[in-house]
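1. What shape does this take:
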Amino acid sequence: MTVLWIILAAIVAALVALFQYGYIFSTKSNNKKKPWFTLLRFLTVFTILILLLDLKFDKTTYQTIKPLLLLELDNSSSIVQLNANEELKADYNSLINHPSIQENFEIQSYKFSHNLAPLDSITFTGSETNIYDAVVQPQKFFKDRNKAIVLLTDGNQTSGNNYSYASIDTKSAIYPIIYGDTTNYPDLKITQINVNRYSYLNN
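-> Residues are numbered from 1 along each chain as shown. Down below sits the predicted model:
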């Protein structure tokens, strides 16, 4: 529709310019300057008509945005105590160098102990582990992006809110990879107590 209005404006401007300088409906002889004046009048009228029409041009562009893959490594010292540091590093390298993952995701790496930070080095020297912060903060940073959060941790939290109560938004998915001894041991319990009806002094 916009193109049609531009064409009509050009036709009207051309008719006005040709009429004013005697190219149509006139028997007067032309001089050499008339073509230039006619062109200037056409451009003037055409510009005024375009401004009066207040045309709006819509442009639609398409861009493929890959979903985020956030790799978050537990950088606390408990990983070393569980002898899981080498296994964690190997899994991280396997994930970040996987061809299919690189093709389908935008990968960003982080480390966490007492807080979440971009991954520059892996030292396993953190004195605290705040898994709640590692779950919640990426949802705030990238609230408008679809994302998968992969947590490489031993699951032992020593600070912050309980991560089992962390809310997960509709654009996020959490995938924990747990290291160390994950066997569930039953708690000890007392099933029977034997007591005497009477108790004597020094007994």
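2. Show the average pLDDT along stretch 171-189.
-> Here stretch 171-189 scores 80 as its mean pLDDT.
3. what comes into contact with it?
-> 74, 78-79, 82, 84, 87-88, 91, 135, 138-139, 143-156, 168 (CB atoms under 8 Å, 6 or more residues apart in numbering). For the C-beta atoms, the positions are set from N, CA and C on the backbone; glycine is no exception.
4. middle-most residue in the protein, spatially?
-> The residue lying closest to the centre of the chain (CA atoms, centre = their mean) is residue 145, at 3.3 Å.
5. Which residue, neighbours along the chain excluded, lies closest to that one?
-> Nearest residue to residue 145 in three dimensions, chain neighbours excluded: residue 68, at 5.2 Å (CB to CB, 6 or more residues apart in numbering).
6. Would you map the helices across the chain?
-> Assigned helices in the chain, in chain order: 2-20, 34-53, 78-81, 85-96, 99-104, 131-141 (criterion: DSSP state H).
7. Low-confidence regions, the protein specifically.
-> Within the chain, the ranges that satisfy pLDDT under 70 run 1-2, 21-22, 25-34, 55, 57, 182-185, 187, 203.
8. Okay, and the beta partners of the closest residue to residue 107 other than its chain neighbours?
-> Excluding the flanking residues, the one nearest residue 107 by CB to CB, 6+ apart is residue 69, at 4.9 Å. Beta-bridge partners of residue 69, counted by DSSP bridges, are residue 107, residue 148.
9. OK, contacts around residue 69?
-> 101, 105-108, 147-148, 150.
10. The same query, at a cut-off of 7 Å, please.
-> 101, 105-107, 148, 150 (CB atoms under 7 Å, 6 or more residues apart in numbering).
11. Equivalent analysis for residue 150, please.
-> 69-72, 95, 175, 177.
12. same thing with residue 12?
-> residue 49.
13. Repeat the analysis, applying 10 Å as the threshold.
-> 42, 45-46, 49 (CB atoms under 10 Å, 6 or more residues apart in numbering).
14. Cheers, nothing more for now.
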